[in-house]
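Student: Turn this into a model:
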Amino acid sequence: MKKFPLIPFVFFVGTIVVFFACNQSTKPINSDETILKGSTSVLVDETLLPIVASQVEVFESLYEAKIKINAKSEAETLLALAKDTSKIAILSRKLNPEEEKVFASKKITPRTTVFATDAIAFIANQRNKDTLIALQEVVSFLKGMPNSSIKGLVFDNPNSSTVRYMNVLSGIKELPSKGIFSFKTNEEVIQFVSENEGMIGVVGVNWLMEPSLKMRPIVDKINILSVKGIGKTDYFAPTQNNLAEKKYPLARDLYIINCQGYSGLGMGFASFIAGEVGQRITLKSGLLPVKMPGRNIKIRKQIEKENK
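Tutor: Okay, the predicted model is just below:
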């Protein structure tokens with residue numbers, strides 16, 4: 001297993017502050033673009049790729065629209081947004097105050113829409129007997145304290161949202177060098193954990209709820225661990241019900257950030273994700289929608305009439 005060098009997240013934040021700029025305009029570059037027609041690109045935190053891909057697939061099937069997905073680590077996504085690679089980004093956090101100040105200085109008001117609650121999941125090889133883990137044990141391990149039940153922690157990318165989340169939670173600025181392994185994608189983490197006992201993977205739960213055909217047999221070889229929050233006594237799995245009841249300790253909201261500055265596909269896609277159809281897709285994906293979709297109930301007379 002090869003350890004990849006960890007790039008301090010602080011470097012990317014500094015770079016983002018220097019380059020952050022989304023050129024505000026009153027109309028799209030492509031004059032044919034509307035909120036439901038045209039083409040655009042969306043920057044996506046790689047840990048959120050499955051749910052975004054599902055949303056884009058349905059959106060494109062309903063409208064004359066083409067959306068290109070660019071999946072990157074969180075830090076790389078923000079840097080690309082700063083360099084105007086795309087004017088739309090989907091992240092697991094809002095822009096921080098420092099980033100908002102840069103936007104304000106450019107007279108830019110990004111539109112931020114929350115559309116789901118996601119979770120960070122801990123996974124282990126199925127041969128591991130224990131399917132429970134205490135969050136305090138993970139935090140202590142990240143602070144350099146060895147633990148006999150954790151052979152190593154495996155992350156998707158040193159600049160990912162999962163790394164940032166765990167660093168903030170643990171009160172550390174960067175990951176320790178000992179016992180920490182880093183790949184590039186969530187799929188690689190799942191693959192490695194499925195082949196190695198004792199390793200604890202840290203991934204976005206959506207990768208486990210909606211695995212690709214290629215990943216399904218691999219996901220079947222791992223267990224999703226139930227987690228005991230710090231100072232708590234009970235263990236909870238990252239299920240929709242536990243997210244809704246705020247019992248799972250590693251939940252996070254998901255946001256679409258639109259910097260287009262005009263009524264383009266960014267606005268249309270954000271409205272779609274937060275609307276009835278988009279929320280149904282979120283519900284089906286295993287994540288928690290912001291608004292619970294209504295149920296269409298037909299009365300008997302209506303059914304009989306339709307069947308005549």
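Student: For the lengthiest helix in the chain, which helices and strands make contact with it?
Tutor: If each helix of the chain is counted by residues according to DSSP state H, the longest one is helix 49-62. Identification of packing neighbours for helix 49-62 by 3 or more CB pairs under 8 Å, 6 or more residues apart in numbering; DSSP states H and E yields strand 37-45, strand 64-72, helix 206-209, helix 265-274, helix 276-285. The way it works is simple: take the backbone N, C-alpha and C, and place the C-beta from them, glycine included.
Student: Residues in contact with that helix: which ones?
Tutor: When contacts are defined by CB atoms under 8 Å, 6 or more residues apart in numbering, helix 49-62 is touched by residues 42, 44, 65-67, 69, 71, 90, 116, 118, 186, 206-207, 209-212, 254, 269, 272-273, 277-278, 281-282, 284-285, 287.
Student: Let me know the average pLDDT across it.
Tutor: In this model, helix 49-62 has an average pLDDT of 96.
Student: Show me this protein divided up by domain.
Tutor: By the assignment in automatic domain parsing, the chain contains the domains 23-117+253-289, 118-251.
Student: could you dump the ones you listed to TSV with mean neighbour count?
Tutor: Compiled in TSV, those are given as follows (neighbours: other CB atoms under 10 Å):
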stretch	mean neighbour count
domain 23-117+253-289	19
domain 118-251	18
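Student: ok, of those domains, where does mean pLDDT dip lowest?
Tutor: If you rank those by mean pLDDT, domain 23-117+253-289 sits at the bottom with a mean of 88.
Student: Please enumerate the strands of the chain.
Tutor: With DSSP state E, the ranges of strands along the chain come out as 37-45, 64-72, 88-91, 111-125, 132-134, 152-155, 180-182, 199-204, 222-224, 226-228, 235-236, 251-258, 288-289.
Student: what about the first one, distance to the chain center?
Tutor: Right, the one you point to is strand 37-45. Averaging C-alpha positions (CA atoms, centre = their mean, to the nearest Å) puts strand 37-45 16 Å from its chain's average.
Student: what helices or strands is it leaning on?
Tutor: Counting by 3+ CB pairs under 8 Å, 6+ apart, the packing neighbours recorded for strand 37-45 are helix 49-62, strand 64-72, helix 74-82, strand 88-91, helix 265-274.
Student: Tell me which of those lies nearest to residue 150.
Tutor: Checking those against residue 150 by CB to CB gives helix 74-82 as the closest, at 24.0 Å.
Student: what's the angle between that closest one and strand 251-258?
Tutor: Note on geometry: by axes from the mean of the first three to the mean of the last three CA atoms, to 10 degrees, helix 74-82 and strand 251-258 are set 20 degrees apart in direction.
Student: if I pick residue 252, what's in contact with it?
Tutor: If a contact means CB under 8 Å, 6+ apart, then residue 252 has 92-93, 117-120, 161, 165 as its contacts.
Student: CSV for the residues you listed, including distance to residue 222?
Tutor: As requested, the contacts of residue 252 are exported to CSV (distance: CB to CB, whole Å):
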residue, distance to residue 222
92, 22
93, 26
117, 22
118, 18
119, 16
120, 15
161, 20
165, 20
